[in-house]
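> sequence and predicted model, in that order:
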Amino acid sequence: MVFLVTGATGTVGRLVVEELVQAGRQVRALTRDPAKAALPEGVEVVAGDLADPESVAAAFEGVTGAHLINFAGDDYAPLPDGARLVELAAKAGVQRVTVLGGRADGPMEQALAASDLEWTLLNPVEFMSNTLRWWAHTVKTEGVIKEPFGDRLSALVHERDIAAVAATVLVEGGHGGRAYTLTGPEAITLKEKVAILGAAIGQDVAFVELTVDEARAKWATDGMGEQTIEFLVSALGNTPEEGYTVVPTVREVTGRDARGFAQWAAENADAFRV
């Protein structure tokens with residue numbers, strides 16, 4: 001059996017590849033630039049762009065299960081023709097599909113629901129890996145985190161747990177027609193997150209809570225556009241209940257406990273140290 005991983009050089013896709021390889025499965029990895037993939041030995045790396053479904057058609061051939069994402073490019077733009085990707089997968093004989101970030105009302109997801117494919121939608125809450133993107137430079141250079149909503153709760157999830165769920169679903173099957181919310185094992189506040197990170201790196205990391213207006217000004221200085229800023233104000237200031245409600249999906253699917261933020265921080269501590 002061959003398993004196709006799209007977005008194979010992304011935060012989650014790369015780990016889905018690793019999980020499948022560790023399980024002894026044959027993996028085909030789709031990326032726009034195979035020369036820069038740097039994936040494990042034995043992985044078949046092929047070129048293709050989800051924004052151009054016809055460029056992906058050949059990659060589906062001989063595949064049992066495919067891990068898909070519902071966006072394309074570095075700007076996370078919606079796929080222009082997700083329904084066509086589903087059509088190509090079905091035509092090639094793909095049996096099972098996982099969709100990262102899948103939403104029931106999306107064109108790809110609606111096409112899956114109307115198909116004979118066994119599909120599963122994976123909806124992670126906040127990624128722990130976002131901490132690297134948002135905090136690593138600031139912690140290293142200033143030793144302080146400046147953000148609003150210090151008491152905001154999040155059940156943030158380890159990216160490897162997302163990958164483990166995807167790989168398990170693809171290999172084992174039996175999860176068709178389900179939409180899984182994926183969380184970590186605990187909900188923690190932003191202030192607690194800062195403290196956990198500081199303990200992991202062995203350094204004091206201060207927290208300065210910004211007002212919403214101060215946060216808007218900071219994010220604008222950081223180069224964010226107005227639309228992104230207002231999205232953050234809404235998402236962080238009014239986190240939906242599913243964003244801070246712990247669910248046992250990781251354990252139920254993989255048989256292993258979800259990893260906590262303290263473990264993630266210990267694994268990535270060097271990226272934050274001076």
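Now that the structure is in, tell me what you want to look at.
> which residue ranges of this protein form helices?
13-22, 82-92, 107-113, 130-142, 159-172, 190-201, 212-221, 226-237, 249-254, 261-267 (DSSP state H).
> okay, those helices in JSON lines with distance to residue 5 and mean pLDDT next?
Just so you know, the C-beta spots here come from the backbone N, C-alpha and C atoms, and that holds for glycine as well. Formatted as JSON lines, the helices of the chain follow (distance: least, C-beta to C-beta, whole Å; pLDDT from 0 to 100):
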{"stretch": "helix 13-22", "distance to residue 5": "5", "mean pLDDT": "98"}
{"stretch": "helix 82-92", "distance to residue 5": "13", "mean pLDDT": "96"}
{"stretch": "helix 107-113", "distance to residue 5": "16", "mean pLDDT": "92"}
{"stretch": "helix 130-142", "distance to residue 5": "21", "mean pLDDT": "94"}
{"stretch": "helix 159-172", "distance to residue 5": "8", "mean pLDDT": "98"}
{"stretch": "helix 190-201", "distance to residue 5": "30", "mean pLDDT": "98"}
{"stretch": "helix 212-221", "distance to residue 5": "33", "mean pLDDT": "95"}
{"stretch": "helix 226-237", "distance to residue 5": "28", "mean pLDDT": "91"}
{"stretch": "helix 249-254", "distance to residue 5": "17", "mean pLDDT": "98"}
{"stretch": "helix 261-267", "distance to residue 5": "22", "mean pLDDT": "98"}
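> got these as CSV, with distance to residue 44 columns?
Formatted as CSV, the helices of the chain follow (distance: least, C-beta to C-beta, whole Å):
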stretch, distance to residue 44
helix 13-22, 10
helix 82-92, 15
helix 107-113, 24
helix 130-142, 29
helix 159-172, 16
helix 190-201, 37
helix 212-221, 41
helix 226-237, 36
helix 249-254, 25
helix 261-267, 28
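> looking at those helices, which is closest to residue 148?
Residue 148 lies closest to helix 212-221 among the helices of the chain, at 4.2 Å (C-beta to C-beta).
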